[in-house]
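**Q** Attaching a predicted model along with its sequence, questions to come.
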Amino acid sequence: MVFSFQSVRQAELAVVLDALARDECVAVYGLSNTGKSPFLRALPAAENLARYEKLAGRPGMFVYIDCNRVVELTAPGFFEVVIRSLLEALETAGFSPAALLEHLRRQHDRITTAGSVFQASLAFNNALSESCAQLGRHLVLLLDEFDEVYTALEDRTLLNLRALKDKFPDRLAYVTATVRPLADPGLRGENEFAELFTANTLALRLLSDADARQVLAEVGGADLPAALQQAILHAAGGHFGLLGALAQAAHRRPAALPRGPTVRAECLKLWNQLRPEEQAALRALVAAEDGLNPHDRTRLQTFGLLTGDGRLFSDLFATFVRYQGASAPETVQGVRVDEDAGEVWVDGVKVTVLTELEYRLMRLLYERLDRLTTKEQIVEAVWGGQYLDRVDDARIEKLVSRLRAKVEPEPLRPRYLITQRGRGYKLVSRPLEARDEDEG
């Protein structure tokens, strides 16, 4: 279900629109499924554009860009999805000069066929410069799911984005959505691009009671019994993703508050985006130990995980945290994919959160455990059959390399994700050294 998000988070919307009206950039951040994507998707709505025009005294063109659509984590891959999204938005709006559309199509073609990053960057700059010159509107690029792209881009690419903003200070702005602030050392730390957002970094925390009730109604909870609705609201604690997961599960088992795989998977997404020291702080909190030190308390409050009196936002999530703290680590060797929970385990350790493309690849390889998986099978399962002639070997190899970096302790000496030269790839059930010992 696509949630409109038009009448929730009004305070946050006002902050963003006010900053954009002042020609400033905005960085939005928040943990898993706090509603960052619906928030950015709502910004180009007609009523928000009207609010922006009233504040700024000029019209705006807000372009939503889903960075999960980037085929490869390179500068040309990023440039391509930005210009493709801009083209789609302009064609849908129907007000752009035909000459500009044709210019953007030519630059998009040059990006996709560029022989070097420099050539792709030149085409990208030409496309955005011409857009700023001809649109007659303030162009705002809404960069959603920006985390992985941001960490993968080279410094010169980010400097190029900064230079474009400096060149068109009153005609171009960026809004980014990430799990953590752009200046966080875990992403890239402070840099010239991140400086654009210093004055306007907005934490997207938990929903207010009124907003949570509206979200629950829009994700299907309006048909549930009133008592069950109240139980869902209490269990979710204002977390956008948990509201949807609980409502979905409640329709399957409406007799009582459900806590099945869908709900557990939502808790796991949230848990996996926390760093080890943050997970340890949550374990201490739910274990009712001596309490949190000021640093840990501030960090958890920043993400909206604590209530005003210092309790964890959700009893349901507190139960999940207790289970995580009590679970003994697995010692079984091998790779395991738990599709119900959305978990991937390697030698008893949960791997870091995978991107959508990485997870599709892992799921395919796991389904074909100990069997060869061809490149054609990978393209069809990961990107779709329509991309069979468009995704080359280099893109497949880069995706495999990214997955290998997350599931292999030593990616340059893989134990599980094996390359079969000229044929494809294989995920094996036992590590290579164990197989070698058996064969010896």
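**A** Yep, that arrived. Residues are numbered from 1 along each chain as shown.
**Q** So which residues of the stretch 151-300 of the chain form helices?
**A** 155-167, 209-218, 226-236, 240-252, 261-272, 276-286, 294-302 (DSSP state H, counting those that start in this stretch).
**Q** which of those helices sits most buried?
**A** helix 240-252 (a mean of 23; mean count of other CB atoms under 10 Å). All C-beta atoms are positioned from the backbone trio N, CA, C, and that covers glycine.
**Q** Determine the set of other helices and strands touching that helix.
**A** Contacts defined by 3 or more CB pairs under 8 Å, 6 or more residues apart in numbering; DSSP states H and E place helix 240-252 against helix 209-218, helix 226-236, helix 261-272.
**Q** So for residue 353, which of the helices of the stretch 151-300 of the chain sits nearest?
**A** helix 261-272 (4.9 Å; CB to CB).
**Q** Just the CA atoms of the closest one, as CSV, please.
**A** Only the C-alpha atoms of helix 261-272 are listed here, as CSV (Å, rounded to 0.1, in the frame of the first residue of the first chain):
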residue,chain,number,x,y,z
PRO,A,261,7.3,-13.5,11.5
THR,A,262,6.3,-10.1,9.9
VAL,A,263,6.4,-8.3,13.2
ARG,A,264,9.7,-10.0,14.2
ALA,A,265,11.2,-9.1,10.9
GLU,A,266,10.3,-5.4,11.5
CYS,A,267,11.9,-5.5,14.9
LEU,A,268,15.0,-7.1,13.4
LYS,A,269,15.3,-4.4,10.7
LEU,A,270,15.4,-1.8,13.5
TRP,A,271,17.8,-3.8,15.7
ASN,A,272,20.3,-4.5,12.8
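**Q** all strands of this protein, in order?
**A** 26-29, 60-66, 138-144, 172-178, 201-203, 335-338, 343-346, 349-350, 373-374, 417-420, 424-427 (DSSP state E).
**Q** Make JSON lines out of those and add mean pLDDT.
**A** Converted to JSON lines, the strands of the chain look like this (pLDDT from 0 to 100):
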{"stretch": "strand 26-29", "mean pLDDT": "96"}
{"stretch": "strand 60-66", "mean pLDDT": "95"}
{"stretch": "strand 138-144", "mean pLDDT": "96"}
{"stretch": "strand 172-178", "mean pLDDT": "96"}
{"stretch": "strand 201-203", "mean pLDDT": "92"}
{"stretch": "strand 335-338", "mean pLDDT": "85"}
{"stretch": "strand 343-346", "mean pLDDT": "82"}
{"stretch": "strand 349-350", "mean pLDDT": "73"}
{"stretch": "strand 373-374", "mean pLDDT": "94"}
{"stretch": "strand 417-420", "mean pLDDT": "90"}
{"stretch": "strand 424-427", "mean pLDDT": "93"}
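**Q** JSON lines please, covering those strands and showing distance to residue 306 and mean neighbour count.
**A** Listed next are the strands of the chain as JSON lines, based on distance: least, CB to CB, whole Å; neighbours: other CB atoms under 10 Å:
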{"stretch": "strand 26-29", "distance to residue 306": "17", "mean neighbour count": "25"}
{"stretch": "strand 60-66", "distance to residue 306": "31", "mean neighbour count": "21"}
{"stretch": "strand 138-144", "distance to residue 306": "26", "mean neighbour count": "23"}
{"stretch": "strand 172-178", "distance to residue 306": "21", "mean neighbour count": "24"}
{"stretch": "strand 201-203", "distance to residue 306": "13", "mean neighbour count": "18"}
{"stretch": "strand 335-338", "distance to residue 306": "29", "mean neighbour count": "18"}
{"stretch": "strand 343-346", "distance to residue 306": "26", "mean neighbour count": "19"}
{"stretch": "strand 349-350", "distance to residue 306": "24", "mean neighbour count": "14"}
{"stretch": "strand 373-374", "distance to residue 306": "44", "mean neighbour count": "16"}
{"stretch": "strand 417-420", "distance to residue 306": "39", "mean neighbour count": "15"}
{"stretch": "strand 424-427", "distance to residue 306": "40", "mean neighbour count": "21"}
